[in-house]
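J.: Quick one, structure for this:
(one chain, ligands or ions: 1)
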Amino acid sequence: MTTRRIFVCGNWKLHKTVAESVELARAVREAAETVGDAPVDVGIAPVFVSLHPVAQVLAGGSVALAAQNGYWEPEGAFTGEISFSLIRDVGCTHVILGHSERRHVFGETEEEIARKVRAALDADLKVIFCIGEMLDERERGEAQTVVHRQVTSGLEGLTAAQMDRVVLAYEPVWAIGTGKTATTDQAQEMHAFIRSILKESFGSDLANQVVIQYGGSVKPSNAAELLSQPDVDGALVGGAALKTDSFAAIIEAAVNVARN
Ligand code: 13P
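T.: Numbering: from 1, shown residues only. Presented below is the predicted three-dimensional model:
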């Protein structure tokens, strides 16, 4: 018997003006009100410059606010960076770290990501920690090896109390923004594998509590099937989170799965 809640989070990436972000945040807040007492959490991750006005829109409601990145130093001569304490200060509860775009477009190393994870937890944030293999790695049969390395390098040595504030997001890179979704079997297989790594490192009880989201072309038409898999506990949604209708439909699918 699991007590895991479903967590649906929109990653807006580099999209939307401040005014558009505020408008979409209002609509998401409204859509999240339909969740009622179902065990479903909803979050959004706008661009940095929209975090402050969006935090005001979300204040007093149930929608979690996440940043998309952060830097491990609390302050200092680090032009262009944003610290986790400032992310907390602006009203975020979560931060996305290790996203494949940070890893592969901006060249963040596993060492840097691990350092960010610890600094974000120290700043009292919850971390949405992303992992996932690239297409060539999957084709070479190395998907599990890569994911194993990413999970252990990012989370090794964390305490149970810290792990309590970590959500994982499995995002196969070949499924991000491509319209290709992992099949439900591929997603379930990798999610179960990730949970087995967590069992090795942190024990069964804790591993069974950790929420593991799936990300990569999640949309209204595939959300229910993915979320129905026993080890798929949520979705990190890119493109389909940018429109009220599609994101609201994914929230609705999550509520239906959670109630069944
Ligand atoms: P898409 O849903 O657009 O494929 O993006 C997934 C993603 O990267 C979420 O973090």
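J.: I'd say residue 129 and residue 117 touch.
T.: Yes: between residue 129 and residue 117 there is a contact under Cβ atoms under 8 Å: 6.1 Å. (C-beta placed from N, C-alpha, C; glycine too.)
J.: hey, what's in contact with both of the two?
T.: 97-98, 154-155, 166 (Cβ atoms under 8 Å, 6 or more residues apart in numbering).
J.: Just the CA atoms of stretch 168-186, as PDB, please.
T.: This file holds the C-alpha atoms of stretch 168-186, laid out as PDB (Å, rounded to 0.1, in the frame of the first residue of the first chain):
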ATOM      1  CA  LEU A 168      12.500  12.400  -9.200                       C
ATOM      2  CA  ALA A 169      11.500  13.000 -12.800                       C
ATOM      3  CA  TYR A 170      12.500  10.400 -15.400                       C
ATOM      4  CA  GLU A 171      12.600  12.200 -18.700                       C
ATOM      5  CA  PRO A 172      14.100  10.100 -21.600                       C
ATOM      6  CA  VAL A 173      15.800  12.800 -23.700                       C
ATOM      7  CA  TRP A 174      14.500  11.300 -26.900                       C
ATOM      8  CA  ALA A 175      10.900  11.900 -25.800                       C
ATOM      9  CA  ILE A 176      11.300  15.500 -24.800                       C
ATOM     10  CA  GLY A 177       9.600  18.000 -27.200                       C
ATOM     11  CA  THR A 178       9.600  15.400 -29.900                       C
ATOM     12  CA  GLY A 179       6.100  14.100 -29.700                       C
ATOM     13  CA  LYS A 180       7.500  10.700 -29.000                       C
ATOM     14  CA  THR A 181       6.500   9.300 -25.600                       C
ATOM     15  CA  ALA A 182       8.000   6.300 -23.900                       C
ATOM     16  CA  THR A 183       5.500   3.500 -24.100                       C
ATOM     17  CA  THR A 184       3.800   2.900 -20.800                       C
ATOM     18  CA  ASP A 185       5.900  -0.300 -20.500                       C
ATOM     19  CA  GLN A 186       9.200   1.500 -21.100                       C
END
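J.: Check the offset of it from the chain's centre.
T.: With Cα atoms, centre = their mean, to the nearest Å as the basis, stretch 168-186 stands 13 Å off its chain's centre.
J.: same check, this time on stretch 140-147
T.: 21 Å.
J.: If you count neighbours, what's buried in it?
T.: By 16 or more other Cβ atoms under 10 Å, the buried positions in stretch 140-147 come out as 143-144, 146-147.
J.: what's the answer for stretch 49-63, then?
T.: Residues of stretch 49-63 classed as buried under the neighbour-count rule (16+ other Cβ under 10 Å) are 50-51, 53-55, 57-58, 61, 63.
J.: could you redo these as CSV and give each row secondary structure, distance to residue 251 and pLDDT?
T.: Shown next, in CSV, are the buried residues of stretch 49-63 (DSSP: H, G, I helix; E, B strand; the rest coil; distance: Cβ to Cβ, whole Å; pLDDT from 0 to 100):
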residue, secondary structure, distance to residue 251, pLDDT
50, helix, 20, 98
51, helix, 21, 98
53, helix, 22, 98
54, helix, 17, 99
55, helix, 20, 98
57, helix, 17, 98
58, helix, 15, 98
61, coil, 13, 97
63, coil, 10, 98
